[in-house]
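# Next input, structure requested:
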Amino acid sequence: MITSFVIVGRPIGCVIVDRRDGAPECILQLEAEAPFRNENRTIGTDTYEVRIWKGLADECRSALTAGSVVAVKGRIEPAKIGGIKTLKLIGEKLSYIAEPSAAANH
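Just a heads-up that it's a prediction; the model follows:
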């Protein structure tokens with residue numbers, strides 16, 4: 001069973017919160033191109049929420065800028081929120097693909 005993911009997209013939000021154990025956690029929102037055409041036959045975007053912990057959370061705070069393009073690799077973790085089974089995306093590696101000025105040209 002494969003429980004990993006890679007998302008390449010633009011950061012549209014980053015909130016740092018403290019976990020119960022006191023470690024920082026970055027809740028990173030990424031906007032990525034959809035993998036298929038919608039009913040209008042155009043390619044839209046999807047928004048993903050990725051949780052990034054500890055040292056990478058601090059890096060997110062200082063290095064991510066709106067308009068840049070990043071790749072996040074991580075694992076998919078089952079979770080239960082309010083009694084509903086769901087999945088969490090846990091980022092384990094963050095790579096910078098393009099800075100804001102270069103990303104705007106593509």
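# CA atoms for contacts and neighbours, from now on please.
Noted.
# So residue 77 sits against residue 89, correct?
Yes: counting by CA atoms under 8 Å, residue 89 is a contact partner of residue 77 at 6.4 Å.
# who has more neighbours, the two?
residue 89 (23 against 12; other CA atoms under 10 Å).
# The more buried one: what's it in contact with?
Applying CA atoms under 8 Å, 6 or more residues apart in numbering to residue 89 gives the contacts 49-51, 74-77.
# what does residue 49 give?
By CA under 8 Å, 6+ apart, residue 49 lies in contact with 27-30, 89.
# Residue 26 versus that one, what's the distance?
From residue 49 across to residue 26, the span is 10 Å (CA to CA, to the nearest Å).
# Follow the chain on from the top helix by length along the chain and name the next helix or strand.
Secondary structure of the chain read by DSSP state H shows that its longest helix is helix 54-63. Once helix 54-63 ends, the next helix or strand along the chain (criterion: DSSP states H and E) is strand 69-81.
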